[in-house]
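Peer 1: next input, structure requested:
(chains A and B)
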Amino acid sequence: MSEALLEVRDLKVHFPTEDGLVKAVDGVSFKVTPGETLGVVGESGSGKSVTFLTVLGLIASRDARIEGQVLFRGQDLLTLPTEEVRSLRGREICMIFQDPLTALNPVHRVGAQVAEVFHAHGNVDKKDAWERAVGLLDLVGIPRPQERARQYPHEFSGGMRQRAMIAMSLALNPDLLIADEPTTALDVTVQAQILDLIDRLKQEFNAAVVIITHDLGVVAEHCDDIMVMYAGKIVEEGERDDIYYRSHHPYTWGLLGSIARLDAPRGRLRPIKGLPPSLIYVPPGCPFSPRCPHVMDVCRTDPPELLPIEGSHASACHLTFAERERIFREEVAAR
Amino acid sequence: MIDVAERAEPAKEERGEPLLRLESIKKYFKITRGVVFQRHIGDVHAVDGVDLEVYPGETVGLVGETGCGKSTLARVVTRLYEPTEGRVMFDGQDITHLKGRELREIRRHAQMIFQDPFASLNPRMPVGSIIGEPFAIHGTVPRNKIKDEVQQLMELVGLNPEHYNRYPHAFSGGQRQRIGVARSLALRPKLIVCDEPVSALDVSIQAQILNLLEDLQEEFNLTYLFIAHDLSVVKHVSDRVAVMYLGKIVEMAPGDTLYLNPKHPYTGALLSAVPIADPKLAAHKKRIILEGDVPSPIDPPSGCRFHPRCPRAQMPTCAAEEPALLPHHPGQIAACHFPLEDRAIIEEV
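Peer 2: Numbering: from 1, shown residues only, chains lettered A, B, ... in the order given. Have a look, this model is predicted:
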C-alpha cells in the first residue's frame, strides 16, 4: 500500500445548538491513497458529508467544535491558516456536490464558471482560461463544447450540469476528488456515465477519489475500499469484497437487504426498521442498538469498539465473530 | 396502429376486463410565441401514442429517463391532464373528457402518490387534515368520524396516530411519504398511480415504503401503475414492466423476461446501466453505453426515435421506418427492427 494522501485521525465535529450538542462526527479515522476509490456509505444524517466538508475546511470552527487531525500529505489542515487551506482547495482537493443546479451560478455562462477556477488560482489571461475551460468541457464528454461553454446552467440537462461541475473540479488536476452523492439526482444511464468518467479520470491523473453515497448498489463497481458510517461513527470498514461478501455488521446487512436488486426474484425487501437516531440523543452503547434485530443487553450499555477482523476489515459490533459469520451466511447472503 | 392487447396478454381471459385501458394516447403541449397574439409555433410531443392495459390487482411498472413522458402519462391517467388524442377507459367507462362532478367521482377510484414528499404536502396543514381532506371533499365519511378514520389510516401506514396534529415539517422524508400513501388510500381507490414514490428517499427507507405498498396491495386488492426511472425498483414491484422512450412505449414484458432477455437496445442500455450490488456479478454484465442525451420531444427523430443513440441502428431502415411493437417471448412486445439476442446483457453465471 502506498503512502496515504489524506489521513484523518479521530475527527470529531460537534455543533452546539439550542436543543443540545449535535455530535455530527464522533471519532472517525481513515486513510485515502492515490489511485484508489473510497466509498463512504450511510443514511442521511450519518455524518458522511460533514466529515468531508470538514476535510475541505468548509465547516467554520466558530460554528462547530472540531477536534482531531486532518493530515493532507502530512500537513494538518485543521491548524493551517484559512488562506493556505483555500489555495489547496480547488488546486489539490476538490469536491463535487450532489445538486449541480444549486452549485452552479445561474447568471454566469458555464464556460466562464469553469474558467474562473483558473483566474482564482493563477495568472492566466482571459482568452487562455476560456480555451482551457472549453478543453475541459470536451474532456468530460460535453458535445460541442465551444457552443456549450457559452450557455447558461439552465440550458444544461442534469447530467450535463454534473459534467460541468466535474470539469470545474478537474481544472487544476487535483490529487483528491471528493464526490458527495454525485449521481443521486440523475437517471441511471447518466449515473453510469458519470461514475465511469470519475473512474477514467482517476486512472489518468492517479488521483484519490472519495464517493459518498447512501446506496451500496451504486459503489459496488467503482470502489476499492468501503467505509460504512452510522450516527457519526464508522461501524464497519474494509475492502470492497469484505463488505459485500463477508460483512460483519448488522447495519451493513440492513443496507444490503434494502436494495431492490435486478438479479433477485421478486420478494420482500428487508429494510432496516425505524429511523436514524437524532444526533443529539444518540443512544448510549451501540448507536444502532434500537434498530438492530440482533440486539443484546450489552449493546444498550457499552459502545462497541471498531476492532480488526482480517487485514483492513474492521467492525464495531458486540456479536461474537462466529455469530456474525453465521448470521451473514444464513440471513444476508442467502437472500 | 397495432392492437397491443390482442397479442401480448396470454392470461387475458383469466384476468377479466382491464381496470385501465389507454388507447393511442397523445398529449402535446403547445409552444407559442408572442404575448398578445400568441402564434402556435410547435408542440412538445410529451406522450405520442401509448396503448396500455392494466388489470385489476396487478402492478404495471413504467420506466424511462427524465423527459420520456412517463409523468405526463401518469397525469393523463388520473386526468390531471386531458389527452390531446386517444381514449382513457377506466373501469369500463370512457373518462377521456369528463369534467366537474363526474371527474371527481372518478378520482375517488384513481389516486396518486407523488415523488417529492417535501413539495406534495401543504406545510400549513396539520397531517390529520391532509390525510382527511379527501373525506371532506367527497363526503364519504361523516364529519364526526373523520378523525377516527384518519387515525386508522395513520396506523395502517405505520405512523403514530397521536401525531395527528403535527405539521409536515416535523416528519422525515420517509414518514412524509407514508402520509402521502395514507392520503391516497383514504377513499379506498381501485387504482393508485405512484409517480417516483421512492426516488427522493434513502435506500433503507425506500425498502420500507416498497414493502408497505406491497402489503397494502394485498390487503385492499389495489392496482398500481408504478412509475420510476430506477429499473431495479420497478422490476421489484411490478408484474409487467413497460419501457418508455420519447413519448412511446418501446418494450413491455414481465420483469424477469425483461431482465434476462431484453429485446430493445434501449432496454438493454437501461439494464446495463443499473448498478448491481454484487461486484462479481456486475463483472459479468455487458455494457451498452448510450451517447448523448434524450433528443428534444419538440421535434422527435424520424423512424425509430431511438436511432440517433442506438448502437445497433442500421441505415436507412431505422431512420426511415417506425418499428411496430411485435411479440417476442410470452407476454413480451418490443418495437425494434434489429432486436437483441437472448441473454444479451446478463450472461449466465
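Peer 1: what is the neighbour count of residue B:156?
Peer 2: 18 (other C-beta atoms under 10 Å in any protein chain shown). For every residue, glycine as well, the C-beta is placed using N, CA and C.
Peer 1: distance of it relative to chain A?
Peer 2: Residue B:156 sits 17 Å away from chain A when distances are taken as C-beta to the nearest C-beta, to the nearest Å.
Peer 1: center of chain B - which residue?
Peer 2: Among the residues of chain B, the one closest to the centroid is residue B:227, at 2.7 Å (C-alpha atoms, centre = their mean).
Peer 1: please settle this for me: is it part of a strand?
Peer 2: Yes - using DSSP: H, G, I helix; E, B strand; the rest coil, the assignment for residue B:227 is a strand.
Peer 1: from chain A, how far off is it?
Peer 2: Separation of residue B:227 from chain A (C-beta to the nearest C-beta): 13 Å.
Peer 1: for that residue, list each beta-bridge partner.
Peer 2: Using DSSP bridges, the bridge partners assigned to residue B:227 are residue B:62, residue B:195.
Peer 1: same check, this time on residue A:32
Peer 2: Beta-bridge partners of residue A:32, as defined by DSSP bridges: residue A:6.
Peer 1: just confirm it contacts residue A:3, I think it does.
Peer 2: No - with contact defined as C-beta atoms under 8 Å, residue A:32 and residue A:3 do not form a contacting pair (11.0 Å).
Peer 1: higher neighbour count, these two?
Peer 2: Comparing residue A:32 with residue A:3 by neighbour count (other C-beta under 10 Å), the higher total belongs to residue A:32, at 22 against 10.
Peer 1: wait, what's in contact with the more buried one?
Peer 2: Contacts of residue A:32 were listed using C-beta atoms under 8 Å, 6 or more residues apart in numbering or on different chains, and they are A:4-7, A:38, A:176, A:208, A:210.
Peer 1: 10 Å instead?
Peer 2: By C-beta atoms under 10 Å, 6 or more residues apart in numbering or on different chains, residue A:32 lies in contact with A:4-8, A:38, A:55, A:72, A:175-176, A:178, A:208-210, A:225, A:227.
Peer 1: these in strands, which ones?
Peer 2: Among these, the members found in strands (DSSP state E) are A:6-8, A:38, A:72, A:176, A:178, A:208-210, A:225, A:227.
Peer 1: out of the residues you listed, who's nearest residue B:271?
Peer 2: Proximity of these to residue B:271 (C-beta to C-beta) peaks at residue A:209, which lies at 25.8 Å.
Peer 1: picking up where we left off before, closest one to chain B out of the ones in strands among the contacts of residue A:32, please.
Peer 2: Nearest to chain B out of the ones in strands among the contacts of residue A:32 is residue A:225 (C-beta to the nearest C-beta; 12.5 Å).
Peer 1: can you count the residues close to the closest one?
Peer 2: So residue A:225, with other C-beta under 10 Å, has 22 neighbours.
Peer 1: what about chain B, any weak spots by pLDDT?
Peer 2: Counting by pLDDT under 70, chain B shows low-confidence ranges at B:1-15, B:348-349.
Peer 1: same deal with chain A?
Peer 2: Using pLDDT under 70, the flagged stretches of chain A are A:1-2, A:61, A:334-335.
Peer 1: please enumerate the helices of it.
Peer 2: A:48-55, A:82-88, A:100-103, A:110-120, A:126-139, A:145-148, A:158-170, A:188-205, A:216-219, A:240-245, A:250-258, A:297-301, A:321-327 (DSSP state H).
Peer 1: what residues does the stretch 1-150 of chain B put near chain A?
Peer 2: Applying C-beta under 10 Å from any C-beta of the partner chain, we find that the stretch 1-150 of chain B lies next to chain A at B:59, B:63-68.
Peer 1: among those, name the ones in helices.
Peer 2: Among those, no member falls in helices (DSSP H).
Peer 1: what's the neighbour count on residue B:45?
Peer 2: Neighbours around residue B:45, by other C-beta under 10 Å: 22.
Peer 1: list the buried ones in stretch B:309-328?
Peer 2: The neighbour-count check on stretch B:309-328 (16 or more other C-beta atoms under 10 Å in any protein chain shown) flags B:309-310, B:312-313, B:318, B:323, B:325, B:328 as buried.
Peer 1: which of those sits closest to chain A?
Peer 2: residue B:309 (9.7 Å).
Peer 1: got a list of what the residue nearest to that closest one when sequence neighbours are not counted touches?
Peer 2: Computed as C-beta to C-beta, 6 or more residues apart in numbering or on different chains, the closest residue to residue B:309 that is not its neighbour in sequence is residue B:290, at 5.3 Å. Residues in contact with residue B:290 (C-beta under 10 Å, 6+ apart) are A:189-190, A:192-193, B:65, B:265-266, B:268-270, B:272-273, B:306, B:309-311.
Peer 1: 8 Å instead, please
Peer 2: A:189, A:193, B:269, B:273, B:309.
Peer 1: distance of it from residue B:196?
Peer 2: From residue B:290 across to residue B:196, the span is 21 Å (C-beta to C-beta, to the nearest Å).
Peer 1: near chain B at all, stretch A:188-203?
Peer 2: Yes - contact between stretch A:188-203 and chain B, assessed by C-beta under 8 Å from any C-beta of the partner chain, occurs at A:188-193, A:196.
Peer 1: picking up where we left off before, is it possible to export the ones in strands among the contacts of residue A:32 to JSON lines including distance to residue A:147?
Peer 2: Shown next, in JSON lines, are the ones in strands among the contacts of residue A:32 (distance: C-beta to C-beta, whole Å):
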{"residue": "A:6", "distance to residue A:147": "38"}
{"residue": "A:7", "distance to residue A:147": "44"}
{"residue": "A:8", "distance to residue A:147": "42"}
{"residue": "A:38", "distance to residue A:147": "37"}
{"residue": "A:72", "distance to residue A:147": "38"}
{"residue": "A:176", "distance to residue A:147": "32"}
{"residue": "A:178", "distance to residue A:147": "30"}
{"residue": "A:208", "distance to residue A:147": "34"}
{"residue": "A:209", "distance to residue A:147": "30"}
{"residue": "A:210", "distance to residue A:147": "33"}
{"residue": "A:225", "distance to residue A:147": "40"}
{"residue": "A:227", "distance to residue A:147": "41"}
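Peer 1: give me the buried entries from those residues.
Peer 2: A:6-8, A:38, A:72, A:176, A:178, A:208-210, A:225, A:227.
Peer 1: which positions in stretch A:76-87 come out as buried?
Peer 2: Neighbour-count burial for stretch A:76-87 flags A:77-78, A:80, A:85 (criterion: 16+ other C-beta under 10 Å).
Peer 1: give me the contacts around it.
Peer 2: Looking at what lies outside stretch A:76-87 - C-beta under 8 Å, 6+ apart - the contacts are A:55, A:57, A:66, A:68-71, A:88, A:121.
Peer 1: coming back round to it: ok, the residue nearest to the centre of chain B touching residue B:192?
Peer 2: No - at 11.2 Å, residue B:227 and residue B:192 do not qualify as touching, with contact defined as C-beta under 8 Å.
Peer 1: which stretches of the stretch 51-200 of chain B form helices?
Peer 2: Taking DSSP state H, counting those that start in this stretch as the criterion, the stretch 51-200 of chain B carries its helices at B:70-77, B:100-109, B:127-138, B:146-156, B:173-185.
Peer 1: in JSON lines: those, plus distance to residue A:304.
Peer 2: Converted to JSON lines, the helices of the stretch 51-200 of chain B look like this (distance: least, C-beta to C-beta, whole Å):
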{"stretch": "helix B:70-77", "distance to residue A:304": "45"}
{"stretch": "helix B:100-109", "distance to residue A:304": "52"}
{"stretch": "helix B:127-138", "distance to residue A:304": "37"}
{"stretch": "helix B:146-156", "distance to residue A:304": "35"}
{"stretch": "helix B:173-185", "distance to residue A:304": "26"}
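Peer 1: can you tell me the closest non-neighbouring residue to residue A:96?
Peer 2: residue A:179 (4.4 Å).
Peer 1: separation between that neighbour and residue A:222?
Peer 2: In terms of C-beta to C-beta, residue A:179 sits 10 Å off from residue A:222.
Peer 1: those two: which is more packed in?
Peer 2: Taking other C-beta under 10 Å, residue A:179 and residue A:222 do not tie; residue A:179 has more neighbours (27 against 22).
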